[in-house]
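K.L.:
got a sequence here, can you model it:
(one chain, ligands or ions: 1)
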Amino acid sequence: MSQSRLPLRIAILFSGRGSNLQSLAAYIAGEEVPAELALALSNRPDAGGLAFCAAHNIPAQVIDHKQFEQRADFDAALHQQLTNAGIDLVCCAGFMRLLTADFVSQWHDRLLNIHPSLLPAYKGLNTHQRALDDGASEHGCSVHFMRPEMDDGPVIVQRKVPVLADDTADTLAARVLQQEHIAYPEALDIVLKKMAGTAEQTRQI
Ligand code: GRF
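P.N.:
Okay, here's the model as predicted:
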């Protein structure tokens, strides 16, 4: 694997409205962040987040997963695109595709995800309704390094919210989403500081 150089090049993968994409873009645009948002990539041509990218001059691409018969072929195209763009770190932000073990291994410790639960609780979909059905008193979100198992891997940041007596899945999702928009930049900050330190040391050798 090639050595990273500063500024680190980040790609964000998304599938839908892209509110986490926006919070990450705002963080990366901040002063003294040793990174640039080199690529935003959607697997869906109709993803709402693409309009945000166009309005903010963020380089964006679509790789439509429907054009690929095999999951592995889509992932190979994705890997190629990320490699061509010289990407150092990939952030999945509402990216609603399972990635193959091969892909995840190729990006080991350089692939982050946000999940709307306090992992390891509620892996998979419908996390808010499942927390309500269980009578959970707290819920939240997790940012983690990805591993081949779905919604698995070392947690970097978790943020909690209370579950209120009159919550619906929608009200709980909205409360968790507010915390997602704080948690992902926090986690990225932690990871970038570590990666930038390594890149800086490499440059001095
Ligand atoms: C977020 O709740 C994320 O945790 C989940 O899907 C949602 C995506 O929202 N995986 P957005 O597209 O970032 O607004």
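K.L.:
look up how far Gln80 lies from the closest residue to the ligand within the chain.
P.N.:
Closest to the ligand within the chain is Gly94: 2.7 Å, counting by Cβ to the nearest ligand atom. All C-beta atoms are positioned from the backbone trio N, CA, C, and that covers glycine. From Gly94 across to Gln80, the span is 22 Å (Cβ to Cβ, to the nearest Å).
K.L.:
check contacts around the residue of the chain closest to the ligand.
P.N.:
Applying Cβ atoms under 8 Å, 6 or more residues apart in numbering to Gly94 gives the contacts Phe14, Ser15, Gly16, Arg17, Gly18, Ser19, Asn20, Leu21, Gly49, Ile114.
K.L.:
what about the closest residue to Leu98 other than its chain neighbours, neighbour count?
P.N.:
Nearest residue to Leu98 in three dimensions, chain neighbours excluded: Met150, at 6.3 Å (Cβ to Cβ, 6 or more residues apart in numbering). Using other Cβ atoms under 10 Å, the number of residues around Met150 comes to 13.
K.L.:
and Gln81, by the same measure?
P.N.:
15.
K.L.:
let me see the backbone angles for it.
P.N.:
Backbone torsions of Gln81, given as degrees, to the nearest 10, read phi -60, psi -40.
K.L.:
for this structure, give me the ranges with low pLDDT.
P.N.:
1-2, 205 (pLDDT under 70).
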